[in-house]
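1. Predicted coordinates and the sequence they were generated for:
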Amino acid sequence: MVSDFSELEKILPVVVDQVSSLEELDTWLKLHECIQSVRLEDFLIKTNPPQREFIVEFKNNYGSTITKVINIFVLANGRFRFSELRAP
């Protein structure tokens, strides 16, 4: 279990490459102490390859939260690839 945002940021690309569904990634994110909430957006971003977004609220060490967007490429073979972790 990951308890620190910077730790999660380092392993996120590896995890995204290994999941078989976005629901699996959603579940994995919710398991970690540093995550307060996770929301998978309903829309598909029409890039090449297309992307989906997770809106994630991370807890920081000071008791407040930081909101980040995780962009995930949706590949043609049913796999996923990490695109970026960015500010909303």
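-> Thanks, I have it.

2. which residues touch the spatially most central residue of the chain?
-> Using Cα atoms, centre = their mean, the residue of the chain that lies closest to the mean C-alpha position is residue 70, 4.3 Å off. By Cβ atoms under 8 Å, 6 or more residues apart in numbering, the contact list for residue 70 reads 12, 53, 54, 56, 82, 84, 85. Glycine gets a C-beta too; all of them are placed from N, C-alpha and C.

3. Quick check: closest non-adjacent residue to it.
-> Nearest residue to residue 70, sequence neighbours excluded (Cβ to Cβ, 6 or more residues apart in numbering): residue 54, at 4.3 Å.

4. what helix or strand is the one you found on?
-> Using DSSP states H and E, residue 54 sits in strand 51-59.

5. hang on, the earlier thing: in which helix or strand would I find the residue nearest to the centre of the chain?
-> Using DSSP H and E, the element containing residue 70 is strand 65-74.

6. Point out the other helices and strands that the helix or strand that that strand is followed by packs with.
-> Following strand 65-74 in sequence order, the next helix or strand is strand 80-86 (DSSP H and E). If you count contacts as 3 or more Cβ pairs under 8 Å, 6 or more residues apart in numbering; DSSP states H and E, strand 80-86 packs onto helix 5-18, strand 65-74.

7. Please point out which parts of the longest one sit buried.
-> Read it as helix 5-18. Using 16 or more other Cβ atoms under 10 Å as the test for burial, helix 5-18 gives 5, 8, 12, 15, 16.

8. For residue 32, state which of those is nearest.
-> Sorting these by distance to residue 32 puts residue 8 at the head of the list, at 6.2 Å, by Cβ to Cβ.

9. That closest one contacts residue 38, correct?
-> No. Residue 8 is not in contact with residue 38 according to Cβ atoms under 8 Å; the separation is 11.7 Å.

10. and the end-to-end length of stretch 15-24?
-> End-to-end span of stretch 15-24 (Cα to Cα, to the nearest Å): 10 Å.
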